[in-house]
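Asker: Fold the following for me, if possible:
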Amino acid sequence: MIRLPVIALLALTACSAASQPPETASALPQPAMTPVERGHAFAEARCSACHAITPQGISPNPESPPFAAV
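Answerer: Model (predicted):
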């Protein structure tokens, strides 16, 4: 009688482990970014909707100056 609950528990544990998603590349540790890379990523995420963040870029919003002018 004890075997049935043990077998059921083992089966549930195996099914649970099999249903876990595989580790993806984004879950792996990423190399640290340099301060310049972090700054560029920040500007791209927060500022590029209105300002040009590259020297040759044109601001998406004509009233917002590019970073080169700031």
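
Asker: quick one: low-confidence parts of the chain?
Answerer: Within the chain, the segments meeting pLDDT under 70 span 1-28.

Asker: Do a quick rundown of the helices in it.
Answerer: Taking DSSP state H, the helices of the chain run over residues 3-18, 35-46.

Asker: Thought P65 was touching I58, still the case?
Answerer: No. Here I58 lies out of contact with P65, judged by C-beta atoms under 8 Å, at a distance of 11.1 Å. Heads up, the C-betas are built off the backbone N, CA and C, glycines and all.

Asker: Settle it for me: which of the two has more neighbours?
Answerer: P65 (13 against 8; other C-beta atoms under 10 Å).

Asker: so the more buried one touches H51, yeah?
Answerer: Yes. With contacts defined as C-beta under 8 Å, P65 counts as touching H51 at a distance of 6.9 Å.

Asker: residues shared between the contacts of those two?
Answerer: Residues touching both P65 and H51 by C-beta atoms under 8 Å, 6 or more residues apart in numbering: S59.

Asker: V70 is in contact with P55, correct?
Answerer: No. Taking contacts as C-beta under 8 Å, P55 lies outside contact range of V70: 11.9 Å.

Asker: Tell me which residues touch M33, please.
Answerer: Remark: with contacts taken as C-beta under 8 Å, 6+ apart, M33 is in contact with A41.
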